[in-house]
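Peer 1: compute the structure for the input listed below.
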Amino acid sequence: MRTDTPWSTLPARDHLLAGAVDAAGAPVLDVVVPVYNEEKDLEPCVLRLHDHLARTFPYAFRITVADNASTDRTPQVAAGLAAALPRVRSCRLEEKGRGRALRTVWSHSDAPVLAYMDVDLSTDLNALLPLVAPLISGHSDLAIGSRLARSSRVVRGSKREFVSRAYNLVLRSSLAARFSDAQCGFKAIRREVAQRLLPMVEDPGWFFDTEMLVLAERAGLRIHEVPVDWVDDPDSTVHIVRTAAEDLKGVWRVGRALAVGALPLDRLARPFGDDPRDRALSGVPGGLARQLVGFCVVGALSTLFYLALYSLFRLGAGPQTANGGALLVSAVANTAANRRLTFGVRGRGGAVRHQAQGLVVFAIGLALTSGSLAALGAASGSPSHGTELAVLIAANLAATVLRFLLFRAWVFPERAAAGNPAAPEALAAPEAFAAPEAFAAPEAFAAGRADDTHHGLGNAR
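Peer 2: Numbers count the residues shown, from 1 in each chain. Next up is the predicted model:
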């Protein structure tokens, strides 16, 4: 995996070569099976998964059993499987939580592609290669199995079907999520993405999947969806009501963090194109096309907002006063929107300075529009309201071009490779995003060989 890129951006995706194993023997794919008190189902699950991968998967692989503080014989069964099968290892955590287990194993795995699936193997294993293929090829950053895709074949009760679709509706309406199935226990992620994304994901339980996907989607990462054949496990121990309540709390927490710009999603930015020719172009500012689109959208909305305010203020004030008030209010909103949506600056750092610089840009726009109104008044005496609006639109178009140039070159200049001084401090320092102490790796990964039993990685909290 490439490491010669600034901390502020992810590297371009590499295509992993077939049969690739590095000098340390790291596999291409690490499939994690999180378990809690699964002494009955664990062995047949791992044997079936191992057999399927050995027969059909064209890359080196590993299966990691992540035990979530089981109180039955699950740890012994996992250790036995790791001893019997060279491509199986086990990990013991002393606290429950599927998200905690995935974070722990994924954060310390040496495989470039990381995946997980539920121990009940409700998802047809034939979907595993289609799931990870876009990640191996470098096409996508994450991949998820979807039970709600039109071509999926699903067998489950009406209660779970209703809960799943209702949850999907909540995510779409509250967090503007576009992926179709957040809770299907069948997902994969590229390691370099996981290394930056996982420290931002707070939930240690069932909401872990949703939070990870929402943040990845908001950061502009590519999520590949695979329709799956899925059969409900009638013996599932998931408590639907309690899980739903925790999920709704998570939706509120993540939505609030996104609304205030508290998450440094800039760390997950990809280069615009993965073709070396795209990166070799000279004289073209990075992200210019995207910024122009964002600026035009924000500008169109700001213009409508400005015209509405001008018409409102004009009911009780003269044209110059109404123009100044409308332009001032819309300028503050315009600067805030461009700061976040067009130039990708999140967090509170530098916000006051940006607004102050935005007001300077506003003053230039005010001079242009006020001068246009003054010229109109001098030329026609008492122009109609429609004529005033037409002149203001023309003046605003000229001011808009100048505003974009000033925003790009002065207010929100291209960030240096070392980080953005206006962004949160953590953006400039990778240490600030080291995995929390609570998620240090477990004391031992039991591997399939006696000489590879202990890795000395510490207990997970």
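Peer 1: quick one: contacts for residue 383?
Peer 2: Residue 383 makes contacts with 376, 377, 391, as judged by Cβ atoms under 8 Å, 6 or more residues apart in numbering. (Each C-beta comes from the backbone N, C-alpha and C, glycine too.)
Peer 1: can you give me the helices in the stretch 301-450 of the chain?
Peer 2: Using DSSP state H, counting those that start in this stretch, the helices found in the stretch 301-450 of the chain span residues 319-337, 351-380, 385-406.
Peer 1: before we move on, back to that, and which of the contacts of residue 383 is nearest to residue 257?
Peer 2: Comparing the contacts of residue 383 against residue 257 with Cβ to Cβ places residue 391 closest, at 43.2 Å.
Peer 1: ok, that closest one touching residue 372?
Peer 2: Yes: using Cβ atoms under 8 Å, residue 391 makes contact with residue 372 at a distance of 5.1 Å.
Peer 1: which one of the helices of the stretch 301-450 of the chain has the most crowded surroundings?
Peer 2: Most buried of the helices of the stretch 301-450 of the chain, by mean neighbour count (mean count of other Cβ atoms under 10 Å): helix 319-337, with a mean of 19.
Peer 1: tell me the mean pLDDT over that one?
Peer 2: Taken as a whole, helix 319-337 has a mean pLDDT of 86.
Peer 1: same deal with stretch 373-381?
Peer 2: Taken as a whole, stretch 373-381 has a mean pLDDT of 81.
Peer 1: sorry, back to before: what's the closest of the helices of the stretch 301-450 of the chain to residue 162?
Peer 2: Residue 162 lies closest to helix 319-337 among the helices of the stretch 301-450 of the chain, at 37.6 Å (Cβ to Cβ).
Peer 1: show me what that closest one is packed up against.
Peer 2: Identification of packing neighbours for helix 319-337 by 3 or more Cβ pairs under 8 Å, 6 or more residues apart in numbering; DSSP states H and E yields helix 288-313, helix 351-380, helix 385-406.
Peer 1: reformat those helices as CSV; add distance to residue 251.
Peer 2: Output for these, formatted as CSV (distance: least, Cβ to Cβ, whole Å):
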stretch, distance to residue 251
helix 288-313, 26
helix 351-380, 26
helix 385-406, 35
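Peer 1: so for residue 27, which of those helices sits nearest?
Peer 2: Nearest of those (Cβ to Cβ): helix 288-313, 36.2 Å.
Peer 1: let's have the helices of the stretch 301-450 of the chain in a markdown table, adding distance to residue 66.
Peer 2: Below are those laid out as a markdown table (distance: least, Cβ to Cβ, whole Å):
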| stretch | distance to residue 66 |
| --- | --- |
| helix 319-337 | 43 |
| helix 351-380 | 41 |
| helix 385-406 | 50 |
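Peer 1: right, and the ones you listed - which one's nearest residue 67?
Peer 2: Closest of those to residue 67 is helix 351-380, at 45.4 Å (criterion: Cβ to Cβ).
Peer 1: quick one, that closest one and helix 385-406 angle?
Peer 2: Counting by axes from the mean of the first three to the mean of the last three Cα atoms, to 10 degrees, helix 351-380 points 140 degrees away from the direction of helix 385-406.
Peer 1: centre of the chain versus stretch 115-134, how much separation?
Peer 2: How far stretch 115-134 lies from its chain's middle: 21 Å, per Cα atoms, centre = their mean, to the nearest Å.
Peer 1: what are the phi and psi angles of residue 113?
Peer 2: Dihedral pair for residue 113: phi -130, psi 130, per degrees, to the nearest 10.
Peer 1: run a quick neighbour tally on it.
Peer 2: By other Cβ atoms under 10 Å, the residues close to residue 113 number 24.
Peer 1: that one is in contact with residue 30, isn't it?
Peer 2: Yes: between residue 113 and residue 30 there is a contact at 7.4 Å, judged by Cβ under 8 Å.
Peer 1: which residue would you name as the spatial centre of the protein?
Peer 2: The centre of the chain sits closest to residue 216, judged by Cα atoms, centre = their mean, with a distance of 1.2 Å.
Peer 1: what sits against it?
Peer 2: Shown in contact with residue 216 (Cβ under 8 Å, 6+ apart): 141, 142, 193, 197, 223, 268.
Peer 1: again, only using 10 Å
Peer 2: By Cβ atoms under 10 Å, 6 or more residues apart in numbering, the residues touching residue 216 are 141, 142, 179, 189, 193, 197, 200, 201, 222, 223, 265, 268.
Peer 1: and if you look at residue 64?
Peer 2: Here residue 64 is in contact with 30-34, 78, 82, 87-91, 101, 105-106, 108-109, 111, 114, 116, 445-447 (Cβ under 10 Å, 6+ apart).
Peer 1: that one: what secondary structure?
Peer 2: strand (DSSP: H, G, I helix; E, B strand; the rest coil).
Peer 1: beta-bridge partners for it, please?
Peer 2: Applying DSSP bridges to residue 64 gives these bridge partners: residue 32, residue 89.
Peer 1: where does the stretch 1-150 of the chain have low pLDDT?
Peer 2: Along the stretch 1-150 of the chain, the model assigns pLDDT under 70 to residues 1-9, 17-25.
Peer 1: so residue 346 makes contact with residue 264?
Peer 2: Yes: contact criterion Cβ atoms under 10 Å: residue 346 and residue 264 qualify, at 6.3 Å.
Peer 1: and these two? Which one has more around it.
Peer 2: Taking other Cβ under 10 Å, residue 346 and residue 264 do not tie; residue 264 has more neighbours (24 against 21).
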